[in-house]
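A.B. asks: give me a 3D structure for the following:
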Amino acid sequence: MPTLPDHPSGVRRWVIFAGILPLAWWCLSLAAGALGIGYYAIGDVVSTWNITTAAGLVLLIPAAFFSVSGGFELTSPDNLRHGRWYATVGLTLTMAFYLLMLLNSVVANFGDSVRRDPSSWSPELSSLEQWAVAAPYAVFLIPTVATLTTLWRGRSKQAGSVT
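C.D. replies: All right, here's what the predicted structure looks like:
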């Protein structure tokens, strides 16, 4: 029977945290936008976070569902295999969203300039603002990758375990 490295409750907390982190960030950025916090300094960046994350809910809602479900399944030795796979699916979807956001900023900075739609909801960002939009997603990628690595670490050392 497969066993988790470290303490299952710690891994469980990190799986749930990493899975709901982008949704929590979106709620914070929505609140900052609604309250007008730093509007003149970073208003366009906050608006971009809100718009892109709203579009990314297609990935983030299933990611949070699988991560939380997987986290709760990890506490039961009978459901450890299912929990690990649920958590893996959730964390992978979350990482896909982060990578898409990072790729979007890289393409916006280094890609050919495309004519903007005049009726676009998203603000036009400078190069520095594009990097500011990508920065939290790059930071959030670190605990997500670390959690996924911890979840599967030691898997190759377990002789005879079946997945």
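
A.B. asks: what bits of this protein have low per-residue confidence?
C.D. replies: Within the chain, the ranges that satisfy pLDDT under 70 run 1-8, 112-117, 121-122, 154-163.

A.B. asks: how much space between the residue nearest in space to the middle of it and Ser67?
C.D. replies: In the chain, the residue lying closest to the centroid (Cα atoms, centre = their mean) is Thr94, at 3.7 Å. To Ser67, Thr94 is 7 Å away according to Cβ to Cβ, to the nearest Å. Bear in mind the C-beta positions are built from the backbone N, C-alpha and C, glycine included.

A.B. asks: shared neighbours, these two?
C.D. replies: Residues touching both Thr94 and Ser67 (Cβ atoms under 8 Å, 6 or more residues apart in numbering): 18-19.

A.B. asks: and Thr88, what helix or strand is that in?
C.D. replies: Assessed by DSSP states H and E, Thr88 sits inside helix 80-110.

A.B. asks: mind listing what's buried in the helix or strand following that helix?
C.D. replies: Read in the C-terminal direction, the helix or strand following helix 80-110 is helix 127-152, with elements assigned using DSSP H and E. Along helix 127-152, the positions that meet the burial threshold by neighbour count (16 or more other Cβ atoms under 10 Å) are 129-134, 136-137, 140-141, 144, 147-148, 150-152.

A.B. asks: what helix or strand is Val15 on?
C.D. replies: Assigned by DSSP H and E, Val15 falls within helix 8-35.

A.B. asks: packing partners of that helix?
C.D. replies: Helices and strands touching helix 8-35, by 3 or more Cβ pairs under 8 Å, 6 or more residues apart in numbering; DSSP states H and E, are helix 39-73, helix 80-110, helix 127-152.
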